[in-house]
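Asker: I'd like to go over a predicted model; first the sequence, then the structure.
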Amino acid sequence: MRRRALLPLPFACLAARPAYAATGRATLTVAAFPDLDRSAKIAIESWAASHPQVDVRLTTRAFDDHHTAMTTAIATGANLPDVMAVDMDYLGKFTQAGGLEDLDAPAYDARAAAPRLARFTQGPATGLGGHLRALPADIGPGALFYRADLLARAGLAEDDLTRDWDAYIAAGVKLKRSTGIYLLANAIDLKDILIRAGLADGQGVYFDDAGRPQVQSPRFAQAFTLARAARRAGIDARVAAWSSEWSEGFRRDRVASQMMGSWFAGHLKNWIAPAQSGLWRSAPLPAGTCASWGGSFWAIPVRAEHKPLAWDFIRTLCLDRAQQLEAFRRLDAFPALLAAQQDGWLAQPIAYLGGQAARLQWRAASERAPALHVDRYDQVAKAVVEAELDQVLEHDKPIPQALADARAALERRVRRY
Amino acid sequence: MHAATPHRPHRRRPLIPARWAPYVFISPFFLLFAAFGLFPLLFSVALSFHQWDPVGGVWSMRWVGLDNFAYAIARDDWLRKAMFNTVWIALVSGLPQHLVALPLAWFLHRAFGRWRNAVVGAYFLPFITSTVAISLVFSSLFSKDFGLVNAAFATLRQVPVLGWLMPGQAIDWSQPGYTKWMISAVVFWRYVGWNTVLYLSAIQTISPELLEAAEIDGASPRQRFLHIVLPLLKPMVFLAVTLSLIGNLQLFEEPFILTGGTGGIDQAGKTAAMHMYAVAFMDGDFGTASAIAWLLFLLIAGATAINKRLLGARA
Amino acid sequence: MNPSSAMPAAALPDSAPRGAAPARPRSRAREGRGALLAGRAIVLAGAVVMLLPFWFMFVFATHSNSEILSMPPPLWFGTSLGDNLRELLDRLPTFWQNLGWSFYVALATTLLNLVFCSLAGHAFALLEFAGKERFYAAVMMTMLLPAFLFMVPTALTMSWLGWTNEERALIVPAACSALGIFLMRQYIEAAIPRELVEAARLDGCSEFAIWWRVVLPLLGPALGTLALITFIGSWNNFISPLVVMRDMDRYTLPLALRSLQGSGQTPWGALCAGAAIAVLPLLVMFALASRRLIDGLTAGAVKH
């Protein structure tokens, strides 16, 4: 009866919701993830002022969600943004497929701008057909952060850690024996750095440019051996990075060092160990190794709607000195733009690191880093190698066996037809 | 006692002829299914016979026949491990979920008067807590040196009899030997309240006179539970166990957030659904992921068929 | 470690039953008071364990990041609630809109499911027609596939229909769930007496009238269960919105909250504050549904 009349009510939801009223203005869609979205917001402030006829819409998603959504969007052509952020971890997958715009094309001519950017980003940003497919916004040159006071307790100095890897392990043993403090959080960290040791421009970490796995090389053998040595010597705290135990380990003086990208100093200062200001220092990675932790890139999907506008926005994000410096100052995002890296601000002492002008050191590290080749299956290789390293560290698997298994597993998983 | 007695309607032709009624009734589902379910279903079936990296666009699919299935069954050792983990966790978290929920529901029905809804609500809360909070809180609870779980074990070790069952030292839950226990504990925590609610609502449909008559006849609560409640609850047990089977064999969220998306050291916490996701989005191999999905489907279908045979006889 | 598992399934003598107290048999003396209290204590202890993580979520919402991530974590409320809320709304200016959308989508999905699933359950449980069991098997099959396999096809379908970025894309595909049909069929078969339905048919009621006037009123607990599952499932779903929604002011809440999770600098306090707010409607939903579910039909309990 009367109640029955309510029945059609739920069907009202099927009616279309009015879309945004057509205003005659163009809408630029930008898709990013935290914290890159904050540097995008900074860029939007200045860019939107100079482009009053454009509406900029920024969409933020969690890191994994973003890349999943972008994968789906490129796959289906639906819901594509005009400007897409891509992290270094995912860059190989995206640039090696056909979904991102070729920025070498005359409309963009990114090649001309390439010399203005950190050299080592050229490799990752180059994709299908040897063309530039993305531009870097920020980078994470690697450094060794250590507690000078804890090392001093054991009579150790920075040079004992950085001279070479054997000295590093020996220092860890001495530290543990005399103070009970762990030198590093996890032996696995060593593997990540050592597999990047001694690489030249154009080489890949896990694959050569023909796509063959390189995991059975001396480079990996040395990485595994050193990680195992560290574990056996008992100098690592065996905690997973970013876990509560990990951060608590720093807070409670149980772990004395961490190798990570330059942005780690900001994390230390903001939430990990704000009380330890002045006690930490930054040093180059041991044995002159160069590694970079992450890096954010911006790209334009092939099927985007407003490509010229997108390119204009990306130029602001990546090639504008003021923008790069502002992001550096506010968000600790180390600029990829060389001109920004030359600013006098980099020589400023960092109070948290005891007044060290560490940014200069990080800049030097980024200049030395080689332009590596990234493969679309790099993430797969990383997982496979880590699984084998787990076997070595936890179950004492012999290293040659582990590397052979890794290679076989990779060839299986990365079936190249 | 009937709740509603239809009054005699005017004799007019029914809107829907009786012959067509069933089809009209199920048509909403099948229309929606045809539009939004059939296409994805067929798409994933087709995908399982192709190789496809989605980043290349829809037209980059390549036919490979049964190769994906052959790979998944014969050569994918991570899948085998993931399947083992999945079944392990399904059993270890699933059995207690029901074995605890049944007597708990009965006890709540019997022994909590006004407070019953509040207590049930407490047990139900885990079901609706967001995964964000869960990941944050449980990683802190299961910490080796500072977590409450290990602290509780340490305190209980002092208790005379119970203490002998407690582990001798602080457990590192991230080690492969313990990862699955940690995940199972969280899954149990999450769903035991849900099953309790299901069983409690089913117990409500048992007539009170029946139970009171049994009590007058001298039946103890346990006897009433075992001989009256349980048999009458069989349809609901079938339903709840089926839902558990399907949910547990498709488990993704809890192990994903507890292991930080990696599956833990030595892949100890990686479930089949997690592996499927990794194959799709990390390996860039949607074809194999679809093949694995259909293999998992066969497993779940088999399990539910067995369940139907055991528990599904109509009451 | 759940104390409930230690709860004795063995005999716990009963206390005074609800309703009229029948004559107590002489053999059953009041020996069980202590055991009953012990049982209650164990169940309550279990309830506290169940609540613990939930409690922490609310506590964390009032602390700052470094306090939350320290060991041991704070056990009582702190003073940063205001800061956290401010940061939440600052990082996520569309928070209230997201909350609203979540509510709208969940409510619409639930109402549609209540109607469609009970119709379909009625058909499968009470009617005979050609191909019934085969249809049912097809329905059940759809439950067994993992959600993310549907991501790419859903995105394609929505773009063909032009429903991208609209709520319809979230509500309509979920408007009649296989799980709901399963629940309804089970319940109707178990709890609706055939005689009633037959009587109505003999009286000349149309099938629709039977559904509306005979079956639906008796479906209270099942409708409550379905409403609860559907609402919660819709509320917590983030996979569909991820691929369908383009603008942040159209997001549903879980997706919006997830967007706060960055690498290392996640504002956990703000996130927990948001999650705490997000869970309140679910609590209300449970309170409403539990009345139907748990208290059930005390009058007119259906006999088997």
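Answerer: Received the coordinates, thanks.

Asker: what's the domain layout of chain C?
Answerer: C:34-79, C:94-295 (automatic domain parsing).

Asker: pick the most buried one from the ones you listed.
Answerer: domain C:94-295 (a mean of 21; mean count of other CB atoms under 10 Å in any protein chain shown). Any C-beta I mention is one placed from the backbone N, CA and C, and that applies to glycine too.

Asker: does chain A sit close to it?
Answerer: Yes - Domain C:94-295 lies within reach of chain A by CB under 8 Å from any CB of the partner chain, at C:104, C:108, C:111-112, C:115, C:151-152, C:155-156, C:158-159, C:164-168, C:171-172, C:212, C:238, C:242-244, C:246-248, C:255, C:258-266.

Asker: tell me the mean pLDDT for that domain?
Answerer: On average, the pLDDT along domain C:94-295 is 85.

Asker: then stretch B:136-153?
Answerer: 80.

Asker: now stretch A:114-127
Answerer: 87.

Asker: buried residues in that stretch?
Answerer: A:114, A:117-127 (16 or more other CB atoms under 10 Å in any protein chain shown).

Asker: can you pull out the strands in chain A?
Answerer: A:26-32, A:54-60, A:83-87, A:135-147, A:257-261, A:280-283, A:292-299, A:334-335 (DSSP state E).

Asker: if we check chain B, which of the residues of domain C:94-295 next to chain A are in contact?
Answerer: Okay, of those touching chain B (CB under 8 Å from any CB), that's C:115, C:152, C:156, C:172, C:258, C:261.

Asker: please name the nearest non-neighbouring residue to the last one.
Answerer: In this case it means residue C:261. residue A:62 (4.6 Å; CB to CB, 6 or more residues apart in numbering or on different chains).

Asker: got the residue ranges for the helices in the stretch 151-300 of chain B?
Answerer: B:176-204, B:208-216, B:221-224, B:230-232, B:234-249, B:253-258, B:272-281, B:286-311 (DSSP state H, counting those that start in this stretch).

Asker: wait, residue C:285 sits on residue C:232?
Answerer: Yes - under the criterion of CB atoms under 8 Å, residue C:285 makes contact with residue C:232 at 7.3 Å.

Asker: any residue of stretch B:182-190 up close to chain A?
Answerer: No - counting by CB under 8 Å from any CB, chain A is not contacted by stretch B:182-190; separation bottoms out at 13.2 Å.

Asker: sorry, back to before: dump the domains of chain C into JSON lines; add distance to residue B:87 as well.
Answerer: Below are those laid out as JSON lines (distance: least, CB to CB, whole Å):
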{"stretch": "domain C:34-79", "distance to residue B:87": "26"}
{"stretch": "domain C:94-295", "distance to residue B:87": "16"}
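
Asker: out of the ones you listed, which comes closest to residue A:107?
Answerer: domain C:94-295 (24.9 Å; CB to CB).

Asker: tell me which residue of the stretch 201-304 of chain C lies closest to chain A.
Answerer: residue C:262 (3.0 Å; CB to the nearest CB).

Asker: that residue and chain B, how far apart?
Answerer: 13 Å (CB to the nearest CB, to the nearest Å).

Asker: for that residue, helix, strand, or coil?
Answerer: Three-state call for residue C:262 (DSSP: H, G, I helix; E, B strand; the rest coil): coil.

Asker: how many neighbours does the residue in chain A that chain B sits nearest to have?
Answerer: Going by CB to the nearest CB, chain B is nearest to residue A:75 of chain A, at 3.4 Å. Residues near residue A:75, counting by other CB atoms under 10 Å in any protein chain shown, number 24.

Asker: that one reaches residue B:59, doesn't it?
Answerer: No - applying CB under 8 Å as the test, residue A:75 and residue B:59 come out as separate, 10.3 Å apart.

Asker: sorry, back to before: closest to chain C out of the helices of the stretch 151-300 of chain B?
Answerer: helix B:176-204 (3.1 Å).

Asker: and that closest one, what's buried?
Answerer: Result for helix B:176-204 [16+ other CB under 10 Å]: buried residues B:178-204.

Asker: distance between it and the chain's centre?
Answerer: 8 Å (CA atoms, centre = their mean, to the nearest Å).

Asker: again, but for stretch A:36-44
Answerer: That offset, for stretch A:36-44, works out to 17 Å (CA atoms, centre = their mean).

Asker: quick one: residues in contact with that stretch.
Answerer: Under the criterion CB atoms under 8 Å, 6 or more residues apart in numbering or on different chains, residues A:30, A:32, A:56, A:58, A:60, A:85, A:137-138, A:296, A:313, A:316-317, A:320, A:323, A:326-327, A:330-331, A:333 lie in contact with stretch A:36-44.

Asker: and if we set it to 6 Å?
Answerer: For stretch A:36-44, contacts defined as CB atoms under 6 Å, 6 or more residues apart in numbering or on different chains pick out A:30, A:32, A:56, A:58, A:60, A:85, A:296, A:316-317, A:323, A:326-327, A:331, A:333.

Asker: out of those residues, which is nearest to chain C?
Answerer: residue A:60 (4.6 Å).

Asker: number of residues surrounding that closest one?
Answerer: 27.

Asker: contacting residues for it?
Answerer: A:32, A:37, C:259.

Asker: any chance of CSV for the ones next to chain B among the residues of domain C:94-295 next to chain A, columns secondary structure?
Answerer: Formatted as CSV, those follow (three-state DSSP):
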residue, secondary structure
C:115, helix
C:152, helix
C:156, helix
C:172, helix
C:258, helix
C:261, coil
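
Asker: can you tell me which of those is nearest residue B:245?
Answerer: The closest of those, once distances to residue B:245 are taken by CB to CB, is residue C:152, at 26.8 Å.

Asker: so the top helix by length along chain B versus helix B:234-249, what angle?
Answerer: Assignment by DSSP state H gives helix B:77-111 as the longest helix of chain B. In terms of direction (axes from the mean of the first three to the mean of the last three CA atoms, to 10 degrees), helix B:77-111 departs from helix B:234-249 by 150 degrees.

Asker: how about the following helix or strand past helix B:77-111: buried residues?
Answerer: Toward the C-terminus, helix B:77-111 is succeeded by helix B:116-128 as the next helix or strand (DSSP states H and E). Using 16+ other CB under 10 Å as the test for burial, helix B:116-128 gives B:116-117, B:119-128.

Asker: give the rounded mean pLDDT of helix B:116-128.
Answerer: pLDDT averaged over helix B:116-128 gives 86.
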